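heads up, no residue letters with this:
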């Protein structure tokens, strides 16, 4: 009986420590030292919350940069990939279809090299970044949709260059552009 009582006491103490006190300490430290990240890395535009810089969102207008495809239609709750392997015929059909749609949407030649992030979704389906190449290929469509003159086209190219993020810690991943940040800046042109 003494062992059972001791076990219950240890269980209660550990539950309070690891289930209440530790999470509160971590939450408090995060809120003090990393307030933006602790609150979802939200981006403000024109006094309103535009979204999170960590989660992709759908931009359907021709006037905006498009994110990479999403296997979950940009829904954060069922985030995930298609789980189709590299030898899957279904994956090939989907990627061929997305490649063709990208070429048509951006008025590219049929033999244009399309960046992989324009054809394949990320593992979560919510990756908010696109490659520099993807942004550059979309810029002509956006310039046309917004009736940009040559000066505005040059400003758009500089905007793409300015929003380019380096790999994390200088070596993890590849240079990338956050689509939401880019589109917010695009509206300011």
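Received it, and whenever you're ready, just let me know what you need. Keep in mind that this is a model prediction, so the values were computed, not measured. Numbering: from 1, shown residues only.

I'd like the average pLDDT over stretch 132-139.
Averaged over stretch 132-139, pLDDT sits at 96.

got the contact list for that stretch?
65-66, 68, 106, 108, 112, 114-115, 117-118, 153, 156-157, 160, 164, 175-177, 182 (CB atoms under 8 Å, 6 or more residues apart in numbering). Glycine gets a C-beta too; all of them are placed from N, C-alpha and C.

can you check stretch 8-22 too?
Counting contacts by CB under 8 Å, 6+ apart, no residue outside stretch 8-22 touches it.

just the mean pLDDT for it, thanks.
Computed over stretch 8-22, the mean pLDDT rounds to 96.

how far out from the middle of the chain is that stretch?
Relative to its parent chain, stretch 8-22 has a centroid offset of 37 Å by CA atoms, centre = their mean, to the nearest Å.

and for stretch 74-86?
Relative to the centre of its chain, stretch 74-86 is centred 13 Å away, using CA atoms, centre = their mean.

before we move on, back to that, please pick the buried ones from the contacts of stretch 132-139.
Buried residues within those, counting neighbours by 16 or more other CB atoms under 10 Å: 65-66, 68, 106, 108, 114-115, 117-118, 153, 156, 160, 176-177, 182.

out of the residues you listed, what pair is the most spread apart?
Farthest apart among these by CB to CB are 68 and 153. That separation is 23.7 Å.

middle-most residue in this structure, spatially?
Nearest to the geometric centre of the chain sits residue 128, at 1.0 Å (CA atoms, centre = their mean).
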